[in-house]
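Trainee: how does the following fold in three dimensions:
(2 chains)
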Amino acid sequence: MNGIPLPTYKPKDFATNQEVRWCPGCGDYAVLKAVQMTLANRPLRREEYVFVSGIGCAARFPYYVNTYGMHSIHGRAPAIATGVKLANPSLEVWIVSGDGDLLSIGGNHTIHILRRNVDVNILLLNNRIYGLTKGQYSPTSEPGKKTKSTPLGSPDYPVNPLSLAIGAGGTFIARGIDIDVKHLQELMHAAADHVGTAFIEVYQDCNIFNHQAWFYASQKQSRAETTILLKHGEPMVFGADRNKGLRMNGARLEAVSLDREFTENDLLIHDEKDRGLAFLLSQLTHPEFPEPMGIIYRDPSREPYDRLVKKQIEEEVQSQGAGDVRDLIHEGETWTVA
Amino acid sequence: MTTASQSPVDTSATRQRHSIIIRFCGDSGDGMQLAGAQFTNTAAYFGNDFSTFPDFPAEIRAPKGTTFGVSGFQVHFSSDDIHTPGDTTNAMVAMNPAGFKTNIADVEPGGVVIVNEDEFTPSNFKKCGYEAGYNPLDDDELNRRYKIFRVPMSRLTRESLAQTGMGSKLIDRCRNMFALGVVYWLYDRSPDETIAYFSEEFGVRRSKPDVADINIRALKAGYAFGETAEIFSVRYHVAPASLEPGTYRKISGNEAAALGFVAAAAKAKKQLTFAGYPITPASDILHYLARLKRYGVTTFQAEDEIAAVCAAIGAAYAGNLGLTSSSGPGVALKAEAIGLAVMLELPLVVIDVQRAGPSTGMPTKTEQADLLHAFFGRPSESPVIIVAPCSPSDCFNMAIEAFRLAVRCMCPVLYLSDGYIANGAEPWKLPDYDAIAPIVIDHPTETNNPEGVYKPYLRNEESLSRPWAIPGTPGLEHRLGGLEKEDVTGNVSYDPDNHDLMVRLRAEKVHRAVEIIPPLEVQGPERGDLLLLGWGGTYGAILTAGEQLRNAGQSVATAHLRYLNPFPGNLGEVLSRYKKVVVPEINQGQLSLLLRNRYLVDTIGINQTRGKMFRLDELVNRVNEVLQGDER
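Mentor: Next comes the predicted model:
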């Protein structure tokens, strides 16, 4: 940025002097660690990052990352981040917030930042519950969920974050889980490399109000069966013994065993550029299917909004010259009184 | 650029007038705004002072011929210095019965009424609710009261354009220009400016020379009709005004505001980031700024009002001048985010072009009823600076003031315009840009204390504002947030005494802005019987009422608040110099409430909420009543 060589960072260089105040055992710690480890290995300076959050447990994130940051108001992080990028597109902006913040009160802004493809990275920490307000059901809670605000069980259908992101026109859509910090780092690097809105849903455990919401996806014994790690160009194989896979059956995805009837050749090859496939994958839910992890969709071809805005301005200046306010004041029909 | 003609016209058939007020009215598709604007431009180039009032429905094309679809444009032009578009009109052009019906009561007795006779048909009478069998043009009383001129404009326009081969729909749309031609003749104005407008706008810019041609023909036909039809026995002439020497242009409040914010950014050597969401009557600011990209302006049409203000806050955090605009309903949605900016202590300007409410209210009608909302319309103790331009051209000045204050105090500034000045236009003597003081911004580039770690809330001892370090600056990484801040460090704090201190500091910081706010000026006697005190768009009406009252021998002064929080430092002292303080407002007494609280002054309100500006005679009459002891 200023000709001085990039410092060699360690993860602790991205820690602040603030005491981290999440509950012991909260999944957010792992995500924070993954972020700090990722940032230490990015080709950017500390001062070039802005972390923006909304409200909620996850939204405390910026206080713990030693970069520029703003803990804003409920649901509005995408709008504030858009303003930051409009003012200075060279900043690397990360949005970190929860499922209630980004999908309920801030759902509109999430849709529109994805649609515009503003060049930011979004970490949606999905714990399927309102934690900071002490345990009400969230827009990702499962139907029938009993909470303080739904004592008889929730009659509310949840939103599927990945399907929503695809529908909104997102250009980078991925999923990870808090217990796999290594994989999260891979996703974060890929998200940071992506030019445009990068959306990562992170399965995150709230061990106080919704403990083990992702139990099936986080346990060593079951993980290989209940999730499928997608890799671009590779067949969709899963299972502890790598003996299962996903194939197309008509217009639907089907989970099959690789034994007599099917071989790897029958399985789908993951194509992260296929938006239709991405939607089908986003719809796969436990227990009928393994839930996809990794980069589900990536389209690097669409120019992000902040660049297009900047380009328009540059083109105007290039074709007509930088404006002088004196001319603007005297613009149009004027007359002189002697 | 045109130079005002100074040649007086004085024939036996031409009468001299100081001022004329004309209202053009018709269906919202009749082109009344264009006709009115063209007349205004012509009066301006001639050298008159002027003031305009466009009055249109919220419906873009309401059912044809109905009273609620009537669009009007009033222009007041004068050889004197004037400040309002006027109340009672000297002349009216009515393109249809609905326009006639809704506007006739505002025409002075003996006033000129020119109607498009062809539209005065039984079916049109029915559409606007006249009784069956009644034709207002045949009403004896109306004919005694007004000089009604029946002109078959539809037929004459068609006849004059019959040879052009253009479609009848296009031809019919030229009736407004025929009417304007008649008016130009009657008020002794050349049609040349309007001809030049059509040649340029349609002939060249929009590449529709045939459209330019038929409009020009219709205009000339109307002018010739005035000259030859011999239905008008006299013409009226208004000499040029003796305006201050200088270069002028016509400006509306929204245009002036947009220009002012661009000028503010240039004076601050900053980029302007404007984020807005379409809303009447503020959208024109977005439209105007959207085409000024090469002047250092970024515009963002956000997904909603909240996103708009948040984007402006994000831009401010990143170091630009953040601006958002709306009207009352949208400003309500922005309230939480404005509170955030109060807490973050970032500069932000929020424009509220007030309209009649609550809720959707009357979107195209004016009101001044968001003052208390600006003061108190956020949870908790949330002080902001409030300014209010007083006229269309003052929107420019106060835009620069808004950012000067926002940047100095590191806090939000609410800018209260209103529909009346936003859409109204007046001559604007172009300011000397170079004489406008720069807005000085000093972003820190190194830490502000010996301990090393940058302290984002270590305040300037005089202004109490905090430093504005921006992302990208090495070593000053810091986190802001809506949680209460510890004094100096900006760390999250729940300490009771700290919160009490921070609440007081945020208020005191706003209060200290008084140091750079000019004192309140008074027109009229320095002490006296009565002070008329207003704010915002009522300036012209109050000033003119004050002049009339003084001319009638009353001891009445006027003053106008353009800075509302904090109030000018001398306000209390000014109030104490008059026996009575009368506060006219287009609301139910909001400024009065504040003045009574702050200064313990027994103000007398003149309050209306009719979606309209005060009528001069109403103001003058009420003040006279107060002077005579009627203080109800």
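
Trainee: can we go C-alpha only for contacts and neighbour counts from here?
Mentor: Fine.

Trainee: who are the contact partners of the residue nearest to A:P158 when sequence neighbours are not counted?
Mentor: In this structure, A:P158 finds its nearest non-sequential neighbour in A:T140, 4.6 Å apart by Cα to Cα, 6 or more residues apart in numbering or on different chains. Shown in contact with A:T140 (Cα atoms under 8 Å, 6 or more residues apart in numbering or on different chains): A:D99, A:N126, A:R128, A:I129, A:P158, A:V159, A:N160, A:P161.

Trainee: from these, pick the one nearest A:R115.
Mentor: Nearest to A:R115 among the contacts of A:T140: A:P161, at 14.3 Å, using Cα to Cα.

Trainee: got the contacts of A:T140 as CSV, with pLDDT columns?
Mentor: Below are the contacts of A:T140 laid out as CSV (pLDDT from 0 to 100):
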residue, pLDDT
A:D99, 98
A:N126, 98
A:R128, 97
A:I129, 97
A:P158, 97
A:V159, 98
A:N160, 98
A:P161, 98
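
Trainee: which of those residues has the most neighbours?
Mentor: Counting neighbours by other Cα atoms under 10 Å in any protein chain shown, A:N126 leads those with 32 neighbours.

Trainee: report the beta-bridge partner residues of it.
Mentor: As for beta bridges, A:N126 partners with A:Y203 under DSSP bridges.

Trainee: ok so, going back, in helices, which of the contacts of A:T140 appear?
Mentor: Among the contacts of A:T140, the ones falling in helices (DSSP state H) are A:D99, A:P161.

Trainee: tell me the one of the contacts of A:T140 nearest B:Q554?
Mentor: A:D99 (67.4 Å).

Trainee: hmm, A:N126 and that closest one touching each other?
Mentor: Yes - using Cα atoms under 8 Å, A:D99 is in contact with A:N126, at 5.0 Å.

Trainee: ok so, going back, the residue nearest to A:P158 should be in a strand, yeah?
Mentor: No - applying DSSP: H, G, I helix; E, B strand; the rest coil, one finds A:T140 to be coil, outside a strand.

Trainee: how about the helices in the stretch 251-400 of chain B?
Mentor: All helices of the stretch 251-400 of chain B, identified by DSSP state H, counting those that start in this stretch, fall at B:253-267, B:283-290, B:305-317, B:328-344, B:371-376, B:394-409.

Trainee: got the phi/psi numbers for B:S417?
Mentor: Here is the backbone geometry of B:S417 (degrees, to the nearest 10): phi -90, psi -180.

Trainee: identify the bridge partners of it.
Mentor: With DSSP bridges as the criterion, B:S417 is bridged to B:V353.

Trainee: with B:T52 instead?
Mentor: When assigned by DSSP bridges, B:T52 has beta-bridge partners B:V75.

Trainee: and the pLDDT at B:S12?
Mentor: pLDDT for B:S12: 51.

Trainee: sorry, slip of the keys, the one I care about is B:S7.
Mentor: 38.

Trainee: what's the answer for A:D259, then?
Mentor: You'll see A:D259 listed with a pLDDT of 88.

Trainee: and the closest residue in space to it that isn't next to it in sequence, backbone torsions?
Mentor: With sequence-adjacent residues excluded and distances taken as Cα to Cα, 6+ apart, A:D259 is closest to A:N243, at 7.4 Å. Dihedral pair for A:N243: phi -120, psi 20, per degrees, to the nearest 10.

Trainee: go on, A:E315?
Mentor: Here is the backbone geometry of A:E315 (degrees, to the nearest 10): phi -70, psi -40.

Trainee: could I get the pLDDT score of B:C25?
Mentor: We have a pLDDT of 96 for B:C25.

Trainee: quick check: the residue of chain A nearest chain B.
Mentor: Here chain A gets closest to chain B at one residue, A:G83, 3.7 Å apart by Cα to the nearest Cα.

Trainee: three-state assignment of the residue found closest to B:S28 once you drop the neighbours it is linked to in the chain?
Mentor: Among residues not flanking B:S28 along the chain, B:S71 sits closest, at 4.7 Å (Cα to Cα, 6+ apart). For B:S71, the assignment made with three-state DSSP gives strand.

Trainee: now the one 10 residues further on
Mentor: For B:D81, the reduced secondary structure class is coil; criterion used: three-state DSSP.

Trainee: how far away is it from A:T334?
Mentor: Distance check for B:D81 against A:T334: by Cα to Cα, to the nearest Å, it reads 19 Å.

Trainee: who has more neighbours, the two?
Mentor: Comparing B:D81 with A:T334 by other Cα under 10 Å, the one with more neighbours is A:T334, at 21 against 16.

Trainee: pop out the phi and psi values for the more buried one.
Mentor: Residue torsions, per degrees, to the nearest 10, at A:T334 are phi -120, psi 160.

Trainee: need the contact list for residue 48.
Mentor: No chain was given, so I picked chain A. Contacts for A:E48 were tallied using Cα under 8 Å, 6+ apart; they are A:T67, A:Y68, A:S90, A:L91, A:E92, B:P471, B:G472, B:T473.

Trainee: I was thinking of chain B, sorry if that wasn't clear
Mentor: Residues in contact with B:N48 (Cα under 8 Å, 6+ apart) are B:F77, B:S78, B:S79, B:D80, B:V238, B:A239, B:P240, B:A241.

Trainee: return the per-residue confidence for the first one.
Mentor: Reading off the confidence values, B:F77 has pLDDT 96.

Trainee: for it, grab the count of nearby residues.
Mentor: By other Cα under 10 Å, the residues close to B:F77 number 31.

Trainee: and what about A:I173, helix, strand or coil?
Mentor: Secondary structure, three-state DSSP: A:I173 is strand.

Trainee: so what's it up against?
Mentor: Neighbours of A:I173 in contact, by Cα under 8 Å, 6+ apart: A:L162, A:A165, A:I166, A:A198, A:F199, A:I200, A:E201, A:I295, A:I296, A:Y297, A:R298.

Trainee: need the phi and psi values for A:F199.
Mentor: A:F199 adopts backbone torsions of phi -120, psi 120, taken as degrees, to the nearest 10.

Trainee: touching, the residue nearest to A:D259 and A:L258? I think so.
Mentor: Yes - A:N243 is within contact range of A:L258, at 5.1 Å (criterion: Cα under 8 Å).

Trainee: okay, the two: which has more neighbours?
Mentor: More crowded of A:N243 and A:L258, by other Cα under 10 Å: A:L258, with 18 against 15.

Trainee: now do the contacts for that one.
Mentor: A:L258 touches A:N243, A:K244, A:G245, A:E264, counting by Cα under 8 Å, 6+ apart.

Trainee: ok, now how distant is the residue nearest to B:I216 when sequence neighbours are not counted from chain A?
Mentor: Take B:I216 and drop its neighbours on the chain: the residue closest to it by Cα to Cα, 6+ apart is B:I195, 5.7 Å away. Relative to chain A, B:I195 is positioned 14 Å away (Cα to the nearest Cα, to the nearest Å).

Trainee: all helices for the stretch 51-200 of chain A, in order.
Mentor: A:77-87, A:99, A:107-116, A:161-167, A:181-193.

Trainee: brilliant, that's me finished.
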